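In: next input, structure requested:
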Amino acid sequence: MNAINFIVYQFLSNETIFLGLIALIGLLLQKKKFPQVIDGTVKTVIGLTVLSSGAGILISSLSPIVTTLNKTLHVKGVLPTNDAVFGVVLNFSSIAKGTVITFLLAFFLHLLLVRITPQKDFKNVYLTAHLMLYHAAFMNVTLPVVLHTKFLGTVLVGTILNALYYTYSPAIPRKLARSWMHDVSTLGFMDQVGSILAHYIGKWFGSDKPSQDADNMKLPKWASMFRDNTIVLFFLMPIIFVGIGLAVGKSGIQTLSGTGADATNWILWLILQGFTFTAGIVILLSGVRMFIGSIVPAFKGISDKFLPGAIPALDAPTVFPYSPMGGMFGFLGSTIGCIIVTFATIIFHSPVIVFPSPIIMYFDGNVMGVFGNKAGGWRGALAAGFFTGIISSAAVILFYPLTGAVYGSGLTWSNIDYAVVWMPLMYLLKFLRALFLGIF
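Out: Model (predicted):
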């Protein structure tokens with residue numbers, strides 16, 4: 001078991017190593033020359049490392065402020081963030097063991113389903129390894145609560161549900177985005193089902209006229225600079241950070257900005273954090289370009305050899321470049337939606353106070369904004385981010401109590417598909433179990 005834990009936690013769950021191996025194998029299967037193999041593998045690894053570094057900057061700049069907001073409001077709450085809650089799961093050895101087995105079995109069953117499924121749209125290989133591991137953990141804490149399963153039953157049911165989801169859900173964004181992603185890759189980020197929600201929200205609230213496209217908006221000459229994603233973020237992010245900082249209060253922010261003679265003015269510190277966040281996005285997107293340029297051609301070797309016609313289902317940032325401005329509108333809408341839920345849960349004395357999640361606001365918000373913009377322009381992107389942000393945050397009130405061993409930790413899972421797929425499914429399974437016991 002120690003060997004399996006080492007392989008999973010040190011290799012397979014490390015997305016950089018996992019996808020580096022995928023690139024290496026894919027290029028070797030294509031019988032590429034040695035320099036091409038090295039070039040493709042190195043650029044996949046470094047591109048993903050740059051991407052991850054950018055994502056780390058985003059979280060490190062935003063999370064301390066959100067955490068301080070939690071403490072300042074003096075309420076018992078929960079912060080939806082996958083990485084942190086997974087760390088809690090690892091404290092329970094039996095659950096961690098079940099997570100490892102579920103992760104491995106679900107991935108291999110997923111590959112088998114991709115192989116035997118004839119329809120082209122379902123030929124997608126889910127390669128976001130860290131989220132697959134986090135989701136295996138989710139199954140291993142919720143199924144014992146919902147179905148009262150023991151270890152073997154939890155692993156079995158979790159494996160089947162996860163494999164079905166990994167195999168068939170990426171077909172949704174693949175079909176929706178075919179006209180602009182061109183079947184090069186698809187989405188694999190626990191947002192797949194949510195993408196159809198973003199698409200139709202975008203249609204309902206926006207317009208598909210080219211002039212309404214966030215990336216093609218007609219702006220005055222002086223405002224043309226705002227077509228550049230970096231310029232938009234340079235002005236937008238400090239405003240958002242200062243807004244959250246005002247909710248926290250001066251004293252709370254000063255605990256983060258330093259004390260004594262070397263302390264930074266708290267407003268200036270918030271503005272600088274906004275700039276840091278912007279730099280993180282620039283780094284992330286540069287990593288995305290390098291990563292996509294290397295992993296897609298490399299994956300072709302595996303696809304052609306073992307999974308003919310399959311394309312990779314990849315992490316959220318790989319979608320961002322298809323509509324940078326649409327993603328920004330989605331991020332803005334999602335941020336507003338998440339903050340509204342926080343204050344609503346406080347005002348209405350909800351049993352669970354849901355704090356704004358950096359994962360939902362930025363990563364989900366961007367994805368929803370891209371799909372919303374493609375369907376309904378900038379208004380569609382803003383609305384898609386806003387409503388899915390509300391849905392993702394509000395659903396935590398219902399599914400957090402189902403998370404067994406981690407309930408009460410103050411952390412839970414994020415992403416829109418937990419709200420629109422897994423929360424309803426878990427309550428359905430709970431109802432069916434009660435109905436079955438009532439009949440027999």
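In: so for the helix or strand in which residue 304 is found, mean pLDDT?
Out: Element membership of residue 304 [criterion: DSSP states H and E] is helix 266-305. For helix 266-305, the mean pLDDT works out to 79.
In: what helices and strands are in contact with that helix?
Out: Helices and strands touching helix 266-305, by 3 or more Cβ pairs under 8 Å, 6 or more residues apart in numbering; DSSP states H and E, are helix 15-29, helix 34-73, strand 124-126, helix 229-248, helix 250-257, strand 311-314. Every residue, glycine included, has its C-beta placed from N, CA and C.
In: just those: most buried one?
Out: Comparing the helices and strands packed on helix 266-305 by mean neighbour count (mean count of other Cβ atoms under 10 Å), strand 124-126 ranks first with a mean of 28.
In: distance between it and the chain's centre?
Out: 16 Å (Cα atoms, centre = their mean, to the nearest Å).
In: C-alpha coordinates for the helix or strand that it is followed by, CSV please?
Out: Remark: after strand 124-126, the chain's next helix or strand is helix 129-146, criterion DSSP H and E. Taking C-alpha atoms only, helix 129-146 is exported to CSV below (Å, rounded to 0.1, in the frame of the first residue of the first chain):
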residue,chain,number,x,y,z
ALA,A,129,-5.3,14.6,-12.5
HIS,A,130,-5.3,16.7,-9.3
LEU,A,131,-9.1,17.4,-9.6
MET,A,132,-9.7,13.6,-10.2
LEU,A,133,-7.9,12.9,-6.9
TYR,A,134,-9.9,15.6,-5.1
HIS,A,135,-13.1,14.3,-6.4
ALA,A,136,-12.2,10.7,-5.4
ALA,A,137,-11.8,12.2,-1.9
PHE,A,138,-15.2,13.8,-2.2
MET,A,139,-16.8,10.4,-2.9
ASN,A,140,-15.1,8.8,0.0
VAL,A,141,-16.4,11.3,2.5
THR,A,142,-20.0,11.7,1.1
LEU,A,143,-21.0,8.2,0.1
PRO,A,144,-20.7,6.8,3.7
VAL,A,145,-23.0,9.6,4.8
VAL,A,146,-25.5,9.3,2.0
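In: what mean pLDDT would you report for the very next helix or strand once past helix 129-146?
Out: Along the chain past helix 129-146, the next helix or strand (assigned with DSSP H and E) turns out to be helix 151-168. Per-residue pLDDT over helix 151-168 has a mean of 96.
In: to residue 356, which of the helices and strands packed on helix 266-305 lies closest?
Out: helix 34-73 (5.8 Å; Cβ to Cβ).
In: moving C-terminal from that closest one, which element do we reach first?
Out: strand 77-80.
In: how far away from the center of its chain is whatever helix or strand comes next after that following strand?
Out: Using DSSP H and E, the helix or strand that directly follows strand 77-80 along the chain is helix 82-89. Here helix 82-89 is found 14 Å from its chain centre; the criterion is Cα atoms, centre = their mean.
In: in helix 82-89, what counts as buried?
Out: Going by neighbour count (16 or more other Cβ atoms under 10 Å), the buried part of helix 82-89 is 82-86, 88-89.
In: which helices and strands sit right next to it?
Out: helix 93-116, helix 129-146, strand 411-412.
In: beyond the shortest one, next helix or strand please.
Out: In the C-terminal direction, the helix or strand that comes right after strand 411-412 (DSSP H and E) is helix 416-417.
In: picking that back up, among the helices and strands packed on helix 266-305, which is nearest residue 380?
Out: Closest approach to residue 380 among the helices and strands packed on helix 266-305 (Cβ to Cβ): helix 229-248, 17.6 Å.
In: can you list contacts of the closest one?
Out: By Cβ atoms under 8 Å, 6 or more residues apart in numbering, the residues outside helix 229-248 that reach it are 62, 65-66, 68-69, 72, 225-226, 253, 266-267, 270-271, 273-275, 277-278, 281-282, 285, 324-325, 328, 332, 335, 339, 356.
In: what's the ChimeraX syntax to select whichever of those residues are buried?
Out: Entered in ChimeraX, the line below selects the buried ones among these, by 16+ other Cβ under 10 Å:
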select :62,65,66,68,69,226,253,266,267,270,271,273,274,277,278,281,285,324,325,328,332,335,339,356
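In: contacts only, for residue 157.
Out: With Cβ under 8 Å, 6+ apart, residue 157 has these contacts: 139, 143, 147, 149.
In: could I get these as JSON lines with neighbour count and distance to residue 389?
Out: Converted to JSON lines, those look like this (neighbours: other Cβ atoms under 10 Å; distance: Cβ to Cβ, whole Å):
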{"residue": "139", "neighbour count": "26", "distance to residue 389": "25"}
{"residue": "143", "neighbour count": "25", "distance to residue 389": "28"}
{"residue": "147", "neighbour count": "16", "distance to residue 389": "30"}
{"residue": "149", "neighbour count": "19", "distance to residue 389": "33"}
